[in-house]
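Student: no letters, just coordinates:
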C-alpha cells in the first residue's frame with residue numbers, strides 16, 4: 001500500500017480540486033471524440049473524392065480561424081475573465097461541427113473547419129485555466145496527469161476505427177456512410193464534454209480584471225522564443241496532419257489498421273506522460289525536452305524508407321515514445337516562466353504562431369506529396385527537428401522561472 005501511494009504521488013498532484021476534476025473529465029470525453037476523428041476524417045474526405053492538396057486546403061482553414069481569434073481571446077480573457085471567452089468558443093464550434101455532418105462540398109467543409117478553428121482559438125485559455133488549479137511545484141505532474149487521461153481516451157476512440165469495416169461487411173453500409181456514422185459519434189462525445197468544461201469554471205478565482213482591452217505582457221522574450229520554436233515544430237508536423245492520406249496512398253491502409261496503430265501509439269504516449277515528470281525531476285525540464293527532441297530526429301528519416309506498414313508502424317511508435325516525453329513538460333515549463341496575470345495573453349500569442357505555422361504545414365505537405373514526392377515531407381521534417389532540438393536548449397537555457 002505504501003509503495004502504491006509513492007507511485008501515485010509521483011504522477012498525481014498533491015491536491016486535485018473539484019474544478020480540476022471536471023476539467024479532466026471533459027478532457028476524457030474530448031479525447032475520445034478526437035480519437036475517432038483522427039482515424040476516420042481524412043479517409044472520409046478521400047471517399048468524397050478529395051486529393052491531398054484539397055484535404056490540406058480544407059484542414060488549413062482550421063488554424064486560419066484559430067489564428068484570427070487566438071490573440072483577442074487571450075487578451076480578453078486576461079481583461080474580462082476566462083469564463084466568458086470559453087463559452088464564446090463553444091458558440092463558434094457548434095455550428096461548425098453541425099455543418100460538417102450535413103455538407104460534402106469543398107466550400108462548406110472549409111467554412112465548417114474555419115468555424116471550428118475560431119472555437120479552437122479560445123483554446124489559448126484552457127492551458128492557463130488548468131494551470132490555475134495547481135501550485136507551481138505540482139505543474140509537471142498536473143500536465144502529466146491531464147495528458148495521460150486525454151491520451152488514454154484518445155486511444156479508446158482510435159479503436160473505433162474497426163467499426164466502419166464491420167458496418168460495411170455485416171450491415172451493408174457503404175464505406176463513406178460508415179465513416180459518417182463514426183464522425184457523428186465523435187461529435188456527440190465533443191458535445192458531452194462541453195458541460196463539464198463549463199462546470200470546471202464554477203468557483204473560478206479570476207485575477208483582478210482590468211476593464212478595457214489593454215495589452216499586458218512582461219515576458220516578451222519568452223513568448224517570442226516559444227513562438228519561434230512552435231513554428232519550426234508545426235511546419236514539420238504538416239506531415240502528420242496528412243498521415244492518414246500518406247499511409248492510405250502508399251500502403252492502402254484503411255481505418256481498422258490505422259485505428260490499431262493510433263490506439264497502440266496512444267498507450268505509448270500515456271506512458272511517456274507519466275514518466276516525463278520523473279525524468280525532469282532528475283535532470284531538469286529543459287534538458288529532458290531538448291534530449292527527447294534530438295533523439296527522435298532520426299526516426300523522421302526512417303519514415304521515407306519503411307518498406308511496409310508494419311515497419312512504418314514500428315518507426316511511428318518508436319518516435320512517439322521519445323517525443324511524447326515533451327507533451328506535459330512543454331506547457332509546464334512555459335507557464336512557469338510567466339507571471340500569473342499574463343498567462344492567457346502569452347499563451348494566445350504562442351498559439352497564434354503555432355496556428356499560423358499549422359496553416360503552412362498541411363498545405364506544404366500536401367503540395368510536396370502531390371507534386372514532388374510522397375516521402376518529401378518526412379525528409380523535410382528530419383532537418384527541421386534537428387534545428388528544433390538545438391534551438392530549444394540554446395534559446396531557453398538561461399531563462400528563470402517567475403516567482404509570482
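Tutor: Received, thanks. All figures in this text were calculated on a predicted structure; none of them were measured in a lab.
Student: hey, let's count contacts and neighbours off CA atoms from now on
Tutor: Noted.
Student: and after the helix or strand of the chain with the lowest mean pLDDT, which helix or strand comes next?
Tutor: Taking mean pLDDT, DSSP states H and E as the measure, the chain has helix 2-11 as its least confident helix or strand, at a mean of 46. Next along the chain after helix 2-11, taking DSSP states H and E as the criterion, comes helix 18-47.
Student: please name every helix or strand in contact with that following helix.
Tutor: helix 139-158, helix 175-200, helix 243-251, helix 255-283 (3 or more C-alpha pairs under 8 Å, 6 or more residues apart in numbering; DSSP states H and E).
Student: tabulate these (a markdown table), appending mean neighbour count, distance to residue 168 and mean pLDDT.
Tutor: Converted to a markdown table, the helices and strands packed on helix 18-47 look like this (neighbours: other C-alpha atoms under 10 Å; distance: least, C-alpha to C-alpha, whole Å; pLDDT from 0 to 100):
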| stretch | mean neighbour count | distance to residue 168 | mean pLDDT |
| --- | --- | --- | --- |
| helix 139-158 | 26 | 18 | 81 |
| helix 175-200 | 19 | 6 | 90 |
| helix 243-251 | 17 | 18 | 86 |
| helix 255-283 | 21 | 12 | 80 |
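Student: quick one, what contacts residue 157?
Tutor: Counting by C-alpha atoms under 8 Å, 6 or more residues apart in numbering, residue 157 makes contact with 31-36, 263.
Student: in CSV: those, plus distance to residue 45.
Tutor: Below are the contacts of residue 157 laid out as CSV (distance: C-alpha to C-alpha, whole Å):
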residue, distance to residue 45
31, 21
32, 20
33, 18
34, 16
35, 17
36, 14
263, 21
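Student: which two of the residues you listed have the greatest separation?
Tutor: Farthest-apart pair in those is 33 and 263; separation 13.2 Å (C-alpha to C-alpha).
Student: returning to what we had before: quick one: closest of the helices and strands packed on helix 18-47 to residue 232.
Tutor: Of all the helices and strands packed on helix 18-47, helix 243-251 sits nearest to residue 232, with 18.3 Å by C-alpha to C-alpha.
Student: how about the spatially closest residue to residue 360 that is not a sequence neighbour, secondary structure?
Tutor: Nearest residue to residue 360, sequence neighbours excluded (C-alpha to C-alpha, 6 or more residues apart in numbering): residue 235, at 6.5 Å. Here residue 235 is recorded as helix under DSSP: H, G, I helix; E, B strand; the rest coil.
Student: verify the contact between residue 235 and residue 361 for me.
Tutor: Yes - look at residue 235 against residue 361 with C-alpha atoms under 8 Å: they come within range, at 4.3 Å.
Student: which residues touch the residue nearest to residue 360?
Tutor: 357-358, 360-362, 381.
Student: re earlier: let me have the helices and strands packed on helix 18-47 in a markdown table, extended by distance to residue 373.
Tutor: A markdown table is the format used below for the helices and strands packed on helix 18-47 (distance: least, C-alpha to C-alpha, whole Å):
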| stretch | distance to residue 373 |
| --- | --- |
| helix 139-158 | 28 |
| helix 175-200 | 27 |
| helix 243-251 | 11 |
| helix 255-283 | 22 |
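Student: closest one to residue 332 among these?
Tutor: Of all these, helix 139-158 sits nearest to residue 332, with 5.6 Å by C-alpha to C-alpha.
Student: report the angle between that closest one and helix 175-200.
Tutor: Put simply, helix 139-158 runs at 150 degrees to helix 175-200, going by axes from the mean of the first three to the mean of the last three C-alpha atoms, to 10 degrees.
Student: of the contacts of residue 157, closest to residue 178?
Tutor: Nearest to residue 178 among the contacts of residue 157, counting by C-alpha to C-alpha, is residue 36 at 12.3 Å.
Student: from what I see, that closest one and residue 163 are in contact.
Tutor: No - with contacts counted by C-alpha under 8 Å, residue 36 stays clear of residue 163, the gap being 10.4 Å.
Student: comparing those two, which residue is more hemmed in?
Tutor: A side-by-side neighbour count of residue 36 and residue 163, using other C-alpha atoms under 10 Å, places residue 36 first with 29 against 17.
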